[in-house]
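**Student:** just to be clear, the model below is a prediction. Sequence and coordinates:
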Amino acid sequence: MNNISLDLSGKISELFVEILIEIERVAKTRNLPFVVIGATSRDIILQLAHDIETARATVDIDIGVMVAGWDQFTELKEELFESAKFKPSKHTQRLEYDDNFPVDIIPFGAISDSDNSISWPPDGAIKINITGFQECYQHSISVKINSSPELVVMVASLEGLAILKLISWDDNIERRIKDAADIFLIMGKYLDAGNTDRLFEEGLDLVEDNGYDYEISSARFLGRNIARISTKATKTKLIEILGREAKARQGHRIAMDVLISKSVPRLSYDQITQYFSSLLKGIVEWTG
């Protein structure tokens, strides 16, 4: 686990606190570790902890829960339904809280197939790539989100979230533009989110190598730290995705999606591509 601990009690919306209290209660009784991921973790780390605007409002909560098999996952959901606050939805992984607020719960761990995916019952027709979930949990950040009652949850670090976003971009065409925008935001704001001192302590060489361009250095430093927490298989997958896009004849599709998102109107396609090239370089060059 990451030893970073944040106290953000009083800053998290009451709705989010209510939902997480219920999930923590049920998960704790079943000894099931979970981690807050997705846009919720993005906003907790960037906006609430470091006053960095994230532009897009969070309209759901994403949770990763470590389970040994589908029986454990089903029992977790059934106990949440018993509270009468949670109800099933038309989406397999989604619950609804108070009738209309989406809560996505993704299982990971021993439940995964040999290719790091999960195949949802009953027929396995729906598959989700969960590469990186284990590292995301192992290197998550302890965050106190409520004082009374006290609630401390594990939240994905920026490195862990960037891994999940890259895998999600490659796996889910419906979320590509949002994922691309979030990856770019993390790259550009990584230093501002408490990593400037670390850069000068651990990555002065890349600052000099990048001509003291701190935003490009930020992306490369993020890449190194992504590689640092990744398994060999995860690192290989990330290099495959970013390397493929860098060489694609039709252009770098992640960079194109960032442009489509209109989240960085001041930058050109070539400039955005440079960030992703720097991210890839950081991942590749990290050897431990």
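**Tutor:** Ah, there it is.

**Student:** quick one: list the elements packing against the lowest-mean-pLDDT helix or strand in the chain.
**Tutor:** The weakest-scoring helix or strand in the chain, judged by mean pLDDT, DSSP states H and E, is helix 204-209 (a mean of 90). With contacts taken as 3 or more CB pairs under 8 Å, 6 or more residues apart in numbering; DSSP states H and E, helix 204-209 sits against helix 214-229. Quick note: C-beta positions are derived from backbone N, CA and C, even for glycine.

**Student:** would you map the strands across the stretch 51-200 of the chain?
**Tutor:** Secondary structure of the stretch 51-200 of the chain by DSSP state E, counting those that start in this stretch: the strands cover 61-66, 86-88, 94-97, 101-108, 117-119, 127-129, 141-147, 150-155.

**Student:** ok, back up a step: in the least confident helix or strand of the chain, what counts as buried?
**Tutor:** For helix 204-209, burial by neighbour count (16 or more other CB atoms under 10 Å) applies to 206-207.

**Student:** hmm, who's touching that helix?
**Tutor:** 199-200, 214, 217, 220-221, 224, 282 (CB atoms under 8 Å, 6 or more residues apart in numbering).

**Student:** do the same with stretch 73-88
**Tutor:** 18, 22-23, 26-27, 29-30, 32, 65, 67, 95-99, 103, 105, 107, 111.

**Student:** would you mind writing the CA trace of that stretch as PDB?
**Tutor:** Extracted in PDB, the C-alpha atoms of stretch 73-88 (Å, rounded to 0.1, in the frame of the first residue of the first chain):
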ATOM      1  CA  PHE A  73     -19.300 -10.900  -5.700                       C
ATOM      2  CA  THR A  74     -22.900 -11.900  -6.000                       C
ATOM      3  CA  GLU A  75     -23.300 -12.200  -2.200                       C
ATOM      4  CA  LEU A  76     -21.800  -8.700  -1.800                       C
ATOM      5  CA  LYS A  77     -24.300  -7.200  -4.200                       C
ATOM      6  CA  GLU A  78     -27.200  -9.100  -2.700                       C
ATOM      7  CA  GLU A  79     -26.400  -7.700   0.800                       C
ATOM      8  CA  LEU A  80     -26.200  -4.200  -0.600                       C
ATOM      9  CA  PHE A  81     -29.700  -4.800  -2.200                       C
ATOM     10  CA  GLU A  82     -31.000  -5.800   1.300                       C
ATOM     11  CA  SER A  83     -30.300  -2.200   2.500                       C
ATOM     12  CA  ALA A  84     -33.200  -1.000   0.200                       C
ATOM     13  CA  LYS A  85     -30.900   1.900  -0.800                       C
ATOM     14  CA  PHE A  86     -29.300  -0.100  -3.700                       C
ATOM     15  CA  LYS A  87     -31.100  -1.600  -6.600                       C
ATOM     16  CA  PRO A  88     -30.000  -3.500  -9.700                       C
END
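
**Student:** flag every buried residue along it.
**Tutor:** In stretch 73-88, counting by 16+ other CB under 10 Å, buried: 73, 76-77, 79-80, 85-86.

**Student:** what's the most distant pair in those?
**Tutor:** Pairwise distances across these peak at 18.7 Å for 73 and 85 (criterion: CB to CB).

**Student:** contacting residues for the residue most central in space within the chain?
**Tutor:** Central residue of the chain (CA atoms, centre = their mean): residue 161, 2.3 Å from the mean position. Residue 161 makes contact with 37-38, 41-42, 45, 136, 182, 186, according to CB under 8 Å, 6+ apart.

**Student:** dihedrals phi and psi, residue 109?
**Tutor:** The phi/psi pair for residue 109 (degrees, to the nearest 10) reads phi 110, psi -140.

**Student:** got the contact list for the closest residue in space to it that isn't next to it in sequence?
**Tutor:** Closest residue in space to residue 109, ignoring its immediate chain neighbours: residue 66 at 4.1 Å, by CB to CB, 6 or more residues apart in numbering. For residue 66, the contact set (CB under 8 Å, 6+ apart) comprises 32-34, 107-109, 137.
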